[in-house]
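Q: Sequence and predicted structure, then a few things I'm wondering about:
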Amino acid sequence: MAELKYNNLKKQLSGKIFAEGQDYGEKQENSSYKLANEIPSQNELKDQVHYLYFLRSPRGFFACLDILLCCQMYNFCDTSLPYYLEEEFRFNPSMISLVFVAQNIAFVITCFFAPKLTQKFNMILCIVMAQVIQGIAAQLIGPNQMIHLPKQVWITVLGLLINGGATSMTIITPYKQLELAILEQKGKNFDHEAVKDTVSGAFNALYDFGSTTGPIFGYYVTAATNFTFTSNLQGYMLFIVAFLQLLFFYIPEKLNERKNKVIQILKIPVNFKKI
């Protein structure tokens, strides 16, 4: 009798364990099936990031132009300034290298302050002001003979210092502008990692392109004219881009912000209490 009860209990436990195992296997299979179906659906929701998005908005277009022009300004005198210093001031290579160091030192120092300034002030306004400062620095590097600046080496060094200090604002800030140019695309759902990779690739390409056109521009324009005219022309280009960016992007953006604020104020319901 006891043996019969033991066999019945054993059969019941075995059946229960088998049933639970079967249910667990079905649950695991269902969860794996759901997970396999959910992952492709999430990937389908992500839009592909294209480099053309930078050129579809004023923000992206001017950010590309800012990086290109900044690198050109920083490197345009690499092929022409040594000959200018040698002809005008009889500098040897050791003295010429010290002149070039001035620009790099100023750039390194101001790199630590550029992100803090962009957090307190409008990024576009920071870029525009920095480009104006770089344009003034280009007139000093020449130096500009139209405003009767004397050809003295300390004026050229001062221009390089000013340009190096302003470069941090025109090379660091546009990087964030490139990212915003993609993220502001309406109706798009981008993967954040893909956005960062695309922005990094575009920035490096523009950086290298500007570093290539700078020395070429500096050499051929100097060979056709002189170093003073080349430096002044580079400054005029910066003035023009700063003005265009202010006129066609910064001012319209501020007007839209003010318009949106007025609309939001008008939408606020006003409750009138009866006296």
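A: Looks like it arrived, so ask away.
Q: This protein: helices as residue ranges?
A: In the chain, the helices defined using DSSP state H lie at 2-45, 58-75, 81-89, 93-110, 114-120, 123-141, 153-183, 192-224, 227-245, 251-267.
Q: Save the ones you listed as a markdown table, and put in mean neighbour count, mean pLDDT and distance to L52 too.
A: For the C-beta atoms, the positions are set from N, CA and C on the backbone; glycine is no exception. Below are those laid out as a markdown table (neighbours: other Cβ atoms under 10 Å; pLDDT from 0 to 100; distance: least, Cβ to Cβ, whole Å):
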| stretch | mean neighbour count | mean pLDDT | distance to L52 |
| --- | --- | --- | --- |
| helix 2-45 | 10 | 49 | 21 |
| helix 58-75 | 23 | 94 | 9 |
| helix 81-89 | 17 | 92 | 37 |
| helix 93-110 | 15 | 92 | 31 |
| helix 114-120 | 13 | 86 | 26 |
| helix 123-141 | 23 | 95 | 22 |
| helix 153-183 | 21 | 93 | 10 |
| helix 192-224 | 16 | 94 | 11 |
| helix 227-245 | 20 | 95 | 20 |
| helix 251-267 | 10 | 84 | 22 |
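Q: Throw these into CSV and include distance to Y51, thanks.
A: CSV is the format used below for the helices of the chain (distance: least, Cβ to Cβ, whole Å):
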stretch, distance to Y51
helix 2-45, 21
helix 58-75, 10
helix 81-89, 33
helix 93-110, 27
helix 114-120, 24
helix 123-141, 21
helix 153-183, 10
helix 192-224, 6
helix 227-245, 21
helix 251-267, 23
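Q: In contact with L125, which residues?
A: Shown in contact with L125 (Cβ atoms under 8 Å, 6 or more residues apart in numbering): Y250.
Q: Report the separation between it and V262.
A: To V262, L125 is 22 Å away according to Cβ to Cβ, to the nearest Å.
Q: show me the residues around Q234 that make contact.
A: Q72, M73, F76, A138, F217.
Q: contacting residues around the closest residue to the third one other than its chain neighbours?
A: With sequence-adjacent residues excluded and distances taken as Cβ to Cβ, 6 or more residues apart in numbering, F76 is closest to G218, at 3.8 Å. With contact set as Cβ under 8 Å, 6+ apart, G218 has these partners: N75, F76, C77, D78, T79, S80, L81, T230.
Q: Kindly list the main-chain dihedrals of the fifth one?
A: The main-chain torsion angles of T79 are listed as degrees, to the nearest 10 and equal phi -100, psi -10.
Q: Which among the helices of the chain is found nearest to I147?
A: Among these, helix 123-141 comes nearest to I147, with 7.1 Å by Cβ to Cβ.
Q: residues contacting F54?
A: Contacts of F54 by Cβ under 8 Å, 6+ apart are G60, F61, A63, C64, L178, A181, I182, A202.
Q: hang on, the earlier thing: kindly indicate which of the contacts of G218 lies nearest D197.
A: Looking across those and measuring by Cβ to Cβ, the closest to D197 is N75, at 26.0 Å.
Q: ok, the closest one touching Y219?
A: No: with contact defined as Cβ atoms under 8 Å, N75 does not reach Y219; the gap is 11.0 Å.
Q: where's the most centrally placed residue in the chain relative to K254, distance?
A: Among the residues of the chain, Y175 comes closest to the average C-alpha position under Cα atoms, centre = their mean, at 0.8 Å. From Y175 across to K254, the span is 22 Å (Cβ to Cβ).
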